[in-house]
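Chemist: what shape does this take:
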Amino acid sequence: MSIIIKSGAGSDLATVNTNKQLLVNTGTTATAGFSILAGEVDSGSVTGTALRRNIVATNNLALKTTSDKLVFNDSFTGTTLNNSNWLAYTSAATIAVTGGFLDLNSSANTGALAVGMVTSQASFPVRGNSTIGFQCNLKHTNKTMADKTMEVGLFLATTFAAPTDGVGFRWTSTGTLVGFLNNGGTEVTTAAITPKADAEVHQYRIVLSDKQAEFYIDDVLVATPLANGLAANHIIKGMGLPICLRYNNVGVPAAAADLYVSDTQVFIFDADISYVPALMAVQSGGMALNPQNGMTVAPLMNYANSAAPGSATLSNIAAGYTTLGGQWRFAAVSGAETDYALFGFLVPAVSTTTAGKRLYITDCSIDSINTVVAVATTATVFQWSLAVGSTGVSLATTDSDTGKRPRIACLGLQSFAIGAAVGAQAANSIVRNFTTPLVANPGEYVHIILKIILGTNTATEIWRGTCYIGGYWE
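Modeler: Numbering: from 1, shown residues only. Prediction:
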């Protein structure tokens with residue numbers, strides 16, 4: 001049996017060649033058919049209808065491609081929480097780093113309001129026209145146990161209180177698994193997600209854009225994306241979010257549950273391939289001299305118009321000035337091995353009312369002069385350092401799961417000989433450029449540290465100078 005293919009006019013017949021191939025002509029450009037490229041995220045098993053996204057061509061007729069940018073990567077190796085990246089909060093529950101996992105209820109606590117929580121010191125920006133992704137590997141025990149919650153994602157939370165902003169996976173107090181999206185305390189959740197079996201390691205991923213949040217397990221979309229139905233012009237309230245990993249007994253569970261997390265990463269998608277953080281930051285007002293959203297609109301440096309700086313009180317545990325460098329002065333003191341926090345600037349902590357940005361320090365310069373009287377009896381030697389990372393203004397702050405000591409970079413020495421006259425300037429300016437920027441995370445201090453190795457306690461001798469700290473917010 002044969003079939004004849006012809007046009008409606010009846011005289012235009014299709015032809016088959018000797019290889020049994022139907023001969024076709026795609027026609028001219030104006031009449032040719034075409035196919036549209038698309039990527040399929042879900043066949044419809046989760047979203048109800050197939051979720052497909054077009055592949056985009058640029059106005060130069062090129063296929064648009066972008067590189068995923070890994071902006072954070074940490075695994076819980078060893079036996080100690082790395083407080084360069086994480087801070088912990090615990091109440092009744094305890095945490096432990098063991099076997100390549102962070103164990104958020106290592107004491108198997110079943111008491112009410114027991115909490116094991118870890119947050120990243122870094123926060124990550126949620127920009128328009130780009131997408132941020134968080135992923136981690138995890139396993140759990142007693143996932144369906146009532147009266148406890150377990151949460152992982154990019155969100156703000158304190159102790160056992162509900163999140164105040166962000167996105168995450170949650171194993172609820174009724175034993176179900178959902179995804180949540182929170183905008184300044186107003187929250188929407190997905191339908192229940194089929195949970196994985198206890199003691200099995202799976203990869204959990206959240207993709208957050210300025211339009212919606214998506215939830216994946218082992219690269220499979222597991223819930224209908226949450227759109228911004230929160231009556232807001234931005235999918236979250238703030239502009240930056242930290243990683244938050246939390247176990248919380250909201251009641252008294254019948255048996256202990258637990259959450260184990262490993263291999264945490266944050267990616268930025270859809271950003272331009274030529275993206276240079278420093279350049280993009282300063283183009284958006286992010287140079288270090290500028291206060292950022294949520295900060296007091298005032299100069300960050302200690303520099304009053306046509307006025308001398310106030311005299312600093314030198315201390316190891318308090319800042320002489322709370323600004324990001326600027327003018328300084330103090331009365332001469334005797335030489336000692338004491339480290340003085342001449343400047344102690346606090347990078348604003350992440351919140352729904354601040355930008356939640358990190359401060360990248362690229363360079364620093366310091367000049368010093370002698371005023372009022374000449375240097376007497378003893379030469380004077382200044383040792384300068386710059387520190388980032390301390391969670392306390394005191395230079396005596398120590399390392400722990402809940403705090404972090406200053407990370408100190410030595411800058412150099414300046415000296416004044418006996419008899420150095422009024423107006424004498426240190427022969428050398430301190431000028432340091434950091435090939436690798438120094439980074440202060442939200443909630444951490446930037447310190448300019450001064451040690452006066454040699455000196456004479458002369459109240460009438462006043463040391464004065466300037467300190468510049470360059471960099472950008474991102």
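Chemist: ok, and what's touching stretch 156-167?
Modeler: Stretch 156-167 is touched from outside by 89, 91, 113, 115, 117, 119, 151, 153-155, 179-185, 187, 206, 208, 213, 226, 236-238, 241-242, 244, 246, 248, 250, 350-352, with contacts defined as Cβ atoms under 8 Å, 6 or more residues apart in numbering. C-betas here are computed from N, CA, C, even on glycine.
Chemist: list only buried entries from those.
Modeler: 89, 91, 115, 117, 119, 151, 153-155, 179-184, 187, 206, 208, 213, 226, 236-238, 241-242, 244, 246, 248, 250, 350-352 (16 or more other Cβ atoms under 10 Å).
Chemist: tell me where the stretch 101-250 of the chain is predicted with low confidence.
Modeler: 128-129, 229-232 (pLDDT under 70).
Chemist: please enumerate the strands of it.
Modeler: Using DSSP state E, counting those that start in this stretch, the strands of the stretch 101-250 of the chain run over 101-103, 115-125, 131-141, 149-156, 165-171, 177-183, 186-189, 202-208, 212-217, 220-221, 226-227, 240-248.
Chemist: likewise for the stretch 351-474 of the chain?
Modeler: 359-371, 380-390, 407-416, 430-440, 445-454, 462-473.
Chemist: CSV please, covering those and showing distance to residue 325, mean pLDDT and mean neighbour count.
Modeler: CSV is the format used below for the strands of the stretch 351-474 of the chain (distance: least, Cβ to Cβ, whole Å; pLDDT from 0 to 100; neighbours: other Cβ atoms under 10 Å):
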stretch, distance to residue 325, mean pLDDT, mean neighbour count
strand 359-371, 8, 97, 20
strand 380-390, 10, 98, 22
strand 407-416, 12, 98, 17
strand 430-440, 12, 97, 16
strand 445-454, 6, 98, 22
strand 462-473, 4, 97, 22
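Chemist: nearest to residue 329, of those?
Modeler: For residue 329, the closest of those is strand 462-473, at 4.3 Å, according to Cβ to Cβ.
Chemist: what's that closest one packed up against?
Modeler: Applying 3 or more Cβ pairs under 8 Å, 6 or more residues apart in numbering; DSSP states H and E, one finds that strand 462-473 contacts helix 277-283, strand 326-331, strand 359-371, strand 445-454.
Chemist: and residue 73, what are its bridge partners?
Modeler: residue 265 (DSSP bridges).
Chemist: isn't it right up against residue 264?
Modeler: Yes - counting by Cβ atoms under 8 Å, residue 73 touches residue 264, with 7.4 Å between them.
Chemist: still on that earlier bit, of all the helices and strands packed on strand 462-473, which one is nearest residue 387?
Modeler: Taking the helices and strands packed on strand 462-473 one by one with Cβ to Cβ, strand 445-454 is closest: 4.1 Å.
Chemist: what about dumping the CA coordinates of that closest one to PDB?
Modeler: Below are the C-alpha coordinates for strand 445-454, written out as PDB (Å, rounded to 0.1, in the frame of the first residue of the first chain):
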ATOM      1  CA  TYR A 445      35.500  44.900  62.800                       C
ATOM      2  CA  VAL A 446      38.300  46.600  60.800                       C
ATOM      3  CA  HIS A 447      41.100  47.700  63.200                       C
ATOM      4  CA  ILE A 448      44.000  50.000  62.700                       C
ATOM      5  CA  ILE A 449      46.400  48.800  65.400                       C
ATOM      6  CA  LEU A 450      49.200  50.900  66.800                       C
ATOM      7  CA  LYS A 451      52.000  49.600  69.100                       C
ATOM      8  CA  ILE A 452      54.400  52.200  70.400                       C
ATOM      9  CA  ILE A 453      57.600  50.200  70.800                       C
ATOM     10  CA  LEU A 454      59.600  53.200  72.100                       C
END
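Chemist: list the strands paired with it, with their directions.
Modeler: Counting by DSSP bridges, strand 445-454 is paired with strand 339-346 (antiparallel), strand 380-390 (antiparallel).
Chemist: in TSV: these, plus distance to residue 282.
Modeler: TSV is the format used below for these (distance: least, Cβ to Cβ, whole Å):
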stretch	distance to residue 282
strand 339-346	19
strand 380-390	19
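Chemist: residue 437: which of those is closest?
Modeler: Going by Cβ to Cβ, the one of the strands paired with strand 445-454 nearest residue 437 is strand 380-390, 9.6 Å.
Chemist: how far away is the nearest residue to residue 469 once chain neighbours are set aside from residue 467?
Modeler: Of all residues not flanking residue 469 in the chain, residue 325 sits nearest, at 4.2 Å (Cβ to Cβ, 6 or more residues apart in numbering). Distance of residue 325 to residue 467, given as Cβ to Cβ, to the nearest Å: 4 Å.
Chemist: nearest to residue 141, out of the helices and strands packed on strand 462-473?
Modeler: Going by Cβ to Cβ, the one of the helices and strands packed on strand 462-473 nearest residue 141 is strand 445-454, 38.7 Å.
Chemist: now do the closest one against strand 407-416, angle only.
Modeler: Using axes from the mean of the first three to the mean of the last three Cα atoms, to 10 degrees, the inter-axis angle of strand 445-454 relative to strand 407-416 is 40 degrees.
Chemist: chain center to strand 445-454, what's the gap?
Modeler: Here strand 445-454 is found 28 Å from its chain centre; the criterion is Cα atoms, centre = their mean, to the nearest Å.
Chemist: tell me who's in contact with residue 113.
Modeler: 91, 92, 160, 248, 249, 250 are the contacts of residue 113 under Cβ under 8 Å, 6+ apart.
Chemist: likewise residue 82?
Modeler: Counting by Cβ under 8 Å, 6+ apart, residue 82 has contacts residue 74.
Chemist: helix/strand/coil for it?
Modeler: coil (DSSP: H, G, I helix; E, B strand; the rest coil).
Chemist: what about it, distance to residue 75?
Modeler: Taking Cβ to Cβ, one finds residue 82 at 10 Å from residue 75.
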